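Asker: prediction below, plus the sequence it came from.
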Amino acid sequence: MTLIPIADDPAFAAGIDPATRRLDFALFGHWDLPTVTRFETAIRDTVARLPSLGIRPGEQVALFDTTRFTVQSPDVLAALGRIASDPRVTSRRIALVLASALLRMQAKRAMPHLAFFDSRDAALGWLAGNEPPPA
């Protein structure tokens with residue numbers, strides 16, 4: 001796996017693995033709406049960059065590692081849910097790795113169409129099509 005760095009912000013980091021067509025994001029800390037705006041810009045810029053890597057937008061999968069992300073305010077979660085539902089930037093499969101039970105409950109309410117995992121390995125297996133969907 002060769003991750004090409006695409007975003008480095010105090011609140012998130014991201015990379016692309018062209019071989020697996022995977023966007024790989026790590027989210028950190030507690031966000032406000034300006035942070036969500038920076039994050040949305042990073043995702044839009046990333047999707048716009050996909051064709052230069054031989055990936056048609058919509059073919060990509062995405063992993064969001066939220067193990068260092070804290071419980072968020074309702075307005076931040078709602079904004080993240082809107083981004084995750086936007087057909088112009090959404091991925092074919094989206095996996096969230098969560099360590100917090102409370103954050104999992106929040107995320108399931110705001111983004112019920114995503115897949116939730118306890119481990120990065122399980123999420124990667126599902127994104128690659130090697131694992132069954134989560135229960």
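Answerer: Cool, got the structure.

Asker: now the protein, which segments are flagged as low pLDDT?
Answerer: 1, 133, 135 (pLDDT under 70).

Asker: just give me the longest helix of the chain.
Answerer: Assignment by DSSP state H gives helix 33-49 as the longest helix of the chain.

Asker: roughly how far is the helix or strand just after that one from the heart of the chain?
Answerer: Using DSSP states H and E, the helix or strand that follows helix 33-49 in sequence is strand 61-69. Relative to its chain's centre, strand 61-69 lies at 5 Å (CA atoms, centre = their mean, to the nearest Å).

Asker: so what does strand 61-69 touch, helix or strand wise?
Answerer: The contact analysis (3 or more CB pairs under 8 Å, 6 or more residues apart in numbering; DSSP states H and E) places strand 61-69 against strand 22-29, strand 93-97, helix 101-110, helix 120-127. Glycine gets a C-beta too; all of them are placed from N, C-alpha and C.

Asker: winner for burial among the ones you listed?
Answerer: Highest mean neighbour count of the helices and strands packed on strand 61-69: strand 93-97, a mean of 22 (counted as mean count of other CB atoms under 10 Å).

Asker: circling back to that earlier point, tabulate the helices and strands packed on strand 61-69 (CSV), appending distance to Val76.
Answerer: Shown next, in CSV, are the helices and strands packed on strand 61-69 (distance: least, CB to CB, whole Å):
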stretch, distance to Val76
strand 22-29, 11
strand 93-97, 15
helix 101-110, 9
helix 120-127, 22
